[in-house]
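J.: What would the 3D arrangement of this be:
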Amino acid sequence: MKNSTFTKYEHAIRTYQGNPLSETLLMARDGALSVYYAPFEWVNPDARVVLVGITPGKVQAANALAEARGALLAGKSIDEVLRRAKRTGAFSGAMRPNLINLLDCIGLHKWLNIGSCAELFGNAGQLLQTASALQFPVFIDGANYNGTPDPLKNSLLRSMLLEHFGTMVKAVPNAVFVPLGPVPSKALEWLAQQGVLPASRVLHGLPHPSGANAERIAYFLGRKKRSELSVKTTPEKLDSARERLTKDINALSHD
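T.: Next comes the predicted model:
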């Protein structure tokens, strides 16, 4: 594993005081957009599933930096520091059970030959890689980046997709990619068009597991009837996504 980026910011991590937007961690700036370093480079080469968000948020960055600082001060190797930082708080809280239920609903656990995707966060952790389309934390005017401006229309963000995410893709040749939400999905579709990863290995359409998406999740899982949905939810779109995802995983099983 190449650790040149980590080495560049190692002193900043050793002296980290709790602010993930410290100038000592600044990687790049483009107008209101800024990119800061946090240790998210660790890759699990045995991964069969890569869960892809947009970019680490401020809380994730702070947790990873604090974990990395503690591991460094304890004398751990760089690879161990990066591994610990990467795995700190991955899809924790209420989001995790939603994510597990969604993945089980489309049959991903069967393709992985495990009882449930809950095992990805336990004794089958060697099968999982968590990732962000934009690997390092991106902020806009100091707030968490949420997909605006479009990453495909910004040269800084496009270069991050190609350079950092593209490198990670090469390290997990046996994995499928599950984008969580429309922005990561669009980014992975573009990367597939660029030849960075095979389009057949990207499973598009899973509802975002956030608690704010509760109604869509409940309908996707068959826990809420169509007649009970609010006008904010489009059942046809969710039905189509569920059917396509199930077919895509069945196709993987016959590769």
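J.: those strands in the stretch 151-255 of the chain, which residues are they?
T.: Counting by DSSP state E, counting those that start in this stretch, the stretch 151-255 of the chain has strands at residues 176-179.
J.: so where's it uncertain?
T.: By pLDDT under 70, the weakly predicted segments of the stretch 151-255 of the chain are 254-255.
J.: how about the helices in it?
T.: Read by DSSP state H, counting those that start in this stretch, the stretch 151-255 of the chain holds these helices, from start to end of the chain: 155-160, 166-171, 182-193, 214-220, 235-253.
J.: buried set for the longest one?
T.: Buried residues in helix 235-253, defined by neighbour count with 16 or more other Cβ atoms under 10 Å: 238, 241-242, 245, 248-249, 252. Heads up, the C-betas are built off the backbone N, CA and C, glycines and all.
J.: and residue 205, which of the helices of the stretch 151-255 of the chain is closest to it?
T.: Counting by Cβ to Cβ, residue 205 lies closest to helix 235-253 out of the helices of the stretch 151-255 of the chain; the figure is 3.2 Å.
J.: and the residue nearest to residue 203 when sequence neighbours are not counted, what does it touch?
T.: Distance criterion Cβ to Cβ, 6 or more residues apart in numbering; nearest residue to residue 203, sequence neighbours excluded, is residue 178 at 5.0 Å. Neighbouring residues of residue 178 by Cβ atoms under 8 Å, 6 or more residues apart in numbering: 49-52, 103, 108, 203, 206.
J.: could you dump the residues you listed to a markdown table with distance to residue 23, secondary structure and neighbour count?
T.: Written out in a markdown table, the entries for the contacts of residue 178 read as follows (distance: Cβ to Cβ, whole Å; DSSP: H, G, I helix; E, B strand; the rest coil; neighbours: other Cβ atoms under 10 Å):
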| residue | distance to residue 23 | secondary structure | neighbour count |
| --- | --- | --- | --- |
| 49 | 36 | strand | 23 |
| 50 | 32 | strand | 24 |
| 51 | 31 | strand | 23 |
| 52 | 29 | strand | 22 |
| 103 | 39 | helix | 24 |
| 108 | 42 | helix | 26 |
| 203 | 39 | coil | 22 |
| 206 | 37 | coil | 23 |
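J.: Tell me the one among those residues nearest to residue 139.
T.: When these are compared for distance to residue 139 (Cβ to Cβ), residue 52 wins out at 19.1 Å.
J.: thought the closest one was touching residue 134?
T.: No - no contact is recorded between residue 52 and residue 134 when judged using Cβ atoms under 8 Å, the distance being 10.1 Å.
J.: Count the residues that sit near residue 70.
T.: The number of residues packed near residue 70 is 15, by other Cβ atoms under 10 Å.
J.: Please compute how far the strand or helix carrying it lies from its chain's middle.
T.: Secondary-structure element containing residue 70, defined by DSSP states H and E: helix 58-73. Here the centre of helix 58-73 is set off from its chain's centre by 18 Å, with Cα atoms, centre = their mean, to the nearest Å.
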